[in-house]
Structure formats: C-alpha cells, structure tokens
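In: Predicted model follows, preceded by the sequence.
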Amino acid sequence: MYGLLCRTSPSPCRTPRLLFRHRLMLAPVLMNRCSWTNSFLSTLFIYNRNIQIGYASNSSKPILWIDAGIHAREWIAHSTALNIIWQLVHDSSYKTLLSQMDIIVVPNTNPDGYEYSRRTNRLWRKTRSKLSVSRYSDQCSGVDANRNYPFHFGEEGVSHWPCQEIYCGPRAMSEPEVMGVATAIMKKKNETKGYIALHSFGQDILYPWGHKAHEYPPDVEDLKTMANGIAAAIRTVYGTKYKVSNSADGLYPASGAADDWAKSIGIKYSFTFELSPTSEPGFVLPEAHIARVSREIMEGRKGTGSSGKVNIDANRLES
C-alpha cells in the first residue's frame, strides 16, 4: 500500500499536523504490505499546510486511488479514509489484495479548508484561497475544489460568484489542492484503474457523467454493475442501503468534478461515495458512527461473487 497522511488509530483525526506527524508510523508495522518511498509530489497551500503523495515509482501494478476531504465539512469522509489505511495495514486478510495492486489513500485533499472547518466554521465547504472580493466577506474566500477540475469546467451546477459555496474558481485548476492531486494522478495515470472520491452525505454511490443530466460514458453498464455490487456488499454489514445512480441524474449536475475528470483521462472505474447519513445530522455525524461507516465501506469493496474477491480487485482493474 502506498499512501500518506497515515494515523495509527481509527479515531478521528484532529488537526492536519497530527496527520503528518503519523504518516510514517504505519510503514514498519507490516513491511510486506505497507511501504513508503522517497518519490513525492508536494503541494503547498495558502496557509503552509501541504499534502505529500508518495508512491513506488517502479511499481507497475494496477492502482486504486481513494481520496477524501475535498469538501472541508465532510469529516466522516476523512475519518473513513484513515480507517481504510488502518484496515489495509493491520488486517491480514488484505495481504493477497495488496500483492496484486497498489492502493493510494489521500484522506485530506483540502487541509486549509478542513482546519478552518475545525477551528472557525464547522460547515465550511471550500478551500481558503484569497480572492480580491474576499475583503468584503470571509464567506467570499475560497473555491469549491470539486468544481475546479478541467473537465467541462464552469458549465452546469456551478456559480461564478466567489461568495457562493459552489464557486468554481476563476479558471480550471486555479486551486493548488486540485493542481497537486491532478498532477499526482497524472504521474500514474496508466496504472490507475480505479478512483473513489469519499464525500458525505446521502448514502449514494454515484458514477459519471456528472456534468450534465442524461449523459453517460460508453461503458456505463460496467460502472453500474460494479456500483450495484458494492452497494449489495455494503448492505450485508448492517442493512444500510446505498442508492446507485448517475451523478447528475440521481443527485444534481456538477461540472468540473473530480470523478468526472478521473473518468475523462481514462480511469475506467470512477465513483463518488456519498457516505452516511441520509439526512440529519448531516455533515455533523457523531464520532460514534465512524467505525460503523468505515466498516461498511471496507465491506463494500468486496465482490458479490462466489470467489469472495475484492470487488475492485486486480483482475477487474485490468479489464
């Protein structure tokens, strides 16, 4: 497993600094399943918080990329990503999986926004980049990073006014958070066969395209089949129902989103998971729910066939 921002406990992370402080502690636990390399892409953000993405430069195994936290207030997404790392490293049942594929997990792709959500405004969504209009209101700072990717940028489901939560930014990839993640993915584009963006809330598994309603990629049936298998596996844990739908049809059109961009550059299996709950308490899900949601998502990665293999496994990723 190659990743970063690791924490050695399934409890919620409190600060971006704690994420970095523990990023190396998982590697020595089981060296045959977790490693750390000196091949980094580092992105520096407005308040000197950065993301380092490390991976093995000489590996040719298929990659599953999982990221979370692009919307600052969706804390269950950050915690679930951290729990995925914890389980991959400590649960020996994943040993075979990790010999067949690499998994990159990035639990916080918007550290400035997350810290602002943690310290100042719990429901803050955007990044914290400083725009000229921000002198009028702090609400006018930042960009919705999940509207800032360069695929149908600035079209449906966005705002061009900086004071709106869904402000797409002055141009595609204006945000260093987006530029950093996109650059890292592009470095391993040929090996990356699966992409999952963890969000909240709603209990949805969403597949492209999301930029416009009633538009689908040519292999949409493959995406639906896999998404339905994931939803069925999730339901086996506690009976929780995740709805499978096209992003634009089932939720709303949103152009410039990360999952659409990932699909557009050739990553076959690209999804957004909207985690629990379906309604209240919404983004402010109590800490007691973290373990439950995380277990469901880990189970959701298992297939529904008799082989019991992980759904997004090496064989499926190669197809």
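Out: Sure, I can see it. Residues are numbered from 1 along each chain as shown.

In: buried set for stretch 229-243?
Out: 229, 230, 231, 232, 233, 234, 240, 242 (16 or more other Cβ atoms under 10 Å). Heads up, the C-betas are built off the backbone N, CA and C, glycines and all.

In: Sticking with the fourth one, tell me its helix or strand.
Out: Take DSSP states H and E as the rule and residue 232 turns out to sit in helix 220-238.

In: Which residue, other than its chain neighbours, is closest to residue 126?
Out: Distance criterion Cβ to Cβ, 6 or more residues apart in numbering; nearest residue to residue 126, sequence neighbours excluded, is residue 142 at 3.3 Å.

In: for this protein, longest strand please?
Out: What stands out as the longest strand in the chain, according to DSSP state E, is strand 192-200.

In: which residues touch that strand?
Out: Residues from elsewhere that reach strand 192-200 (Cβ atoms under 8 Å, 6 or more residues apart in numbering): 62-71, 74-77, 80-81, 146, 185, 258-259, 262-263, 267-276, 283, 285, 297, 312, 317-318.

In: From the chain's centroid, how far away is it?
Out: On the basis of Cα atoms, centre = their mean, to the nearest Å, strand 192-200 is displaced by 5 Å from the centre of the chain it belongs to.

In: Return it as PDB; C-alpha atoms alone will do.
Out: Coordinates of each C-alpha in strand 192-200 appear next as PDB, following Å, rounded to 0.1, in the frame of the first residue of the first chain:
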ATOM      1  CA  THR A 192      -4.600   3.900 -12.100                       C
ATOM      2  CA  LYS A 193      -7.700   1.800 -13.000                       C
ATOM      3  CA  GLY A 194     -10.000   2.800 -10.100                       C
ATOM      4  CA  TYR A 195     -10.800   6.200  -8.500                       C
ATOM      5  CA  ILE A 196     -13.100   6.700  -5.500                       C
ATOM      6  CA  ALA A 197     -13.900  10.100  -4.000                       C
ATOM      7  CA  LEU A 198     -15.300   9.900  -0.500                       C
ATOM      8  CA  HIS A 199     -17.900  12.600   0.400                       C
ATOM      9  CA  SER A 200     -20.900  13.000   2.600                       C
END
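
In: Quick check: mean pLDDT of it?
Out: Across strand 192-200, pLDDT averages out at 95.

In: what's the angle from it to helix 220-238?
Out: Angle of strand 192-200 versus helix 220-238, following axes from the mean of the first three to the mean of the last three Cα atoms, to 10 degrees, is 50 degrees.

In: helices or strands up against the helix or strand hosting residue 245?
Out: Assessed by DSSP H and E, residue 245 sits inside strand 243-246. Packing contacts for strand 243-246, counted by 3 or more Cβ pairs under 8 Å, 6 or more residues apart in numbering; DSSP states H and E, involve strand 204-207, helix 220-238.

In: export it as CSV, just CAs?
Out: Listed next in CSV are the C-alpha coordinates belonging to strand 243-246 (Å, rounded to 0.1, in the frame of the first residue of the first chain):
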residue,chain,number,x,y,z
LYS,A,243,-28.5,4.1,-3.7
VAL,A,244,-26.7,3.7,-7.1
SER,A,245,-27.3,6.4,-9.7
ASN,A,246,-25.7,8.6,-12.2
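
In: Would you mind listing the outside residues contacting that strand?
Out: 202-210, 213, 216, 220, 224, 227-228, 231, 250-251.

In: hmm, which of these are the buried ones?
Out: 202-210, 224, 227, 231, 250-251.

In: Following the chain onward from the strand holding residue 245, which element is next?
Out: Next along from strand 243-246, by DSSP H and E: helix 258-264.

In: one step back: state the pair within the buried residues of stretch 229-243 that is farthest apart.
Out: 229 and 240 (15.3 Å; Cβ to Cβ).

In: nearest spatial neighbour of residue 140, skipping sequence neighbours?
Out: For residue 140, the spatially nearest residue (Cβ to Cβ, 6+ apart) is residue 163, at 4.2 Å.

In: typed the wrong thing, it's residue 64
Out: For residue 64, the closest residue by Cβ to Cβ, 6+ apart turns out to be residue 194, at 4.1 Å.

In: so how far is residue 131 from the one you found?
Out: Relative to residue 131, residue 194 is positioned 34 Å away (criterion: Cβ to Cβ, to the nearest Å).

In: again, but for residue 61
Out: 41 Å.

In: neighbour count winner among residue 194 and residue 131?
Out: residue 194 (24 against 16; other Cβ atoms under 10 Å).
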